[in-house]
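Trainee: what shape does this take:
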Amino acid sequence: MAKHGKPLTFHSGILWDGQDSSDNFRPANWEGLLEVPHLRFCLAHVSWPWYDECIAVYGKMLNAIASRGFEVPEMFVDTTPGTPKVYRREVLRRLYLSGYDMADHVQFGTDCSAHNYNHAWSSDWRKTDDAILKDDAGLDEKMIDSYYRGSLQRYLFGGDNTKRNVPIPDGRDGNPNQKG
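Mentor: Okay, here's the model as predicted:
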């Protein structure tokens with residue numbers, strides 16, 4: 001998939017399958033993707049209930065740029081509900097206020113299929129997310145547009161990964177080519 005520039009989405013988080021399967025869907029299980037240069041991948045459902053672990057894995061993928069350059073994968077997070085509404089405010093705030101450069105890597109999702117799209121259900125989630133993103137997370141219109149449209153376009157078609165702001169504890173500005 002990486003070789004051909006195609007994105008890959010994984011279910012992440014608890015699976016409502018009636019089986020003992022949750023250990024297979026923890027976000028940390030995708031750390032092995034660090035070995036797949038240029039892969040664009042997305043963890044769906046914000047990895048609920050392990051959304052803090054999902055954010056930590058995102059930070060790890062982002063920080064890998066500092067030591068390995070831009071050969072590392074590019075991770076995205078899909079917010080398709082799986083998160084009960086009582087957690088929605090907390091998870092969106094944590095995604096955007098984590099300190100990681102996530103604005104172009106978080107995307108709205110619905111789990112609705114095209115042939116039987118549930119417009120009312122999707123609209124209700126969008127209204128919920130709009131209020132949280134504007135009022136609680138303080139996102140501007142450009143960032144909100146990225147959440148609903150731009151991040152998905154970047155995920156599907158790629159983008160300039162070299163402009164990412166990498167959190168590096170040694171005080172460098174995030175450019176892996178900069179000398180300490």
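
Trainee: C-alpha only now, for contacts and for neighbours.
Mentor: Fine.

Trainee: what about the chain, any weak spots by pLDDT?
Mentor: 167-180 (pLDDT under 70).

Trainee: would you point out which residue is most central in the protein?
Mentor: Residue closest to the average C-alpha location in the chain (CA atoms, centre = their mean): V77, at 1.7 Å.

Trainee: contact partners for that residue?
Mentor: Residues in contact with V77 (CA atoms under 8 Å, 6 or more residues apart in numbering) are C42, L43, A44, H45, V46, H105, V106, Q107.

Trainee: host element of it?
Mentor: Take DSSP states H and E as the rule and V77 turns out to sit in strand 74-78.

Trainee: each with direction, which strands does that strand pair with?
Mentor: Sheet pairing of strand 74-78 (DSSP bridges) gives strand 40-44 (parallel), strand 106-107 (parallel).

Trainee: can I get the ones you listed in CSV with distance to A114 and mean neighbour count?
Mentor: Formatted as CSV, these follow (distance: least, CA to CA, whole Å; neighbours: other CA atoms under 10 Å):
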stretch, distance to A114, mean neighbour count
strand 40-44, 18, 24
strand 106-107, 18, 26
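
Trainee: of all those, which one comes closest to G69?
Mentor: Of all the strands paired with strand 74-78, strand 40-44 sits nearest to G69, with 15.2 Å by CA to CA.

Trainee: what's in contact with the closest one?
Mentor: Around strand 40-44, the neighbours that count as contacts under CA under 8 Å, 6+ apart are 2, 5-13, 27, 54, 73-80, 155, 158.

Trainee: from the chain's centroid, how far away is the next helix or strand after it?
Mentor: Per DSSP H and E, the first helix or strand lying C-terminal to strand 40-44 is helix 51-68. With CA atoms, centre = their mean, to the nearest Å as the basis, helix 51-68 stands 11 Å off its chain's centre.

Trainee: for helix 51-68, packing partners?
Mentor: Here helix 51-68 touches strand 74-78, helix 85-97, going by 3 or more CA pairs under 8 Å, 6 or more residues apart in numbering; DSSP states H and E.

Trainee: can you give me the helices in this protein?
Mentor: Along the chain, counting by DSSP state H, helices occupy 51-68, 85-97, 119-131, 141-145, 151-157.
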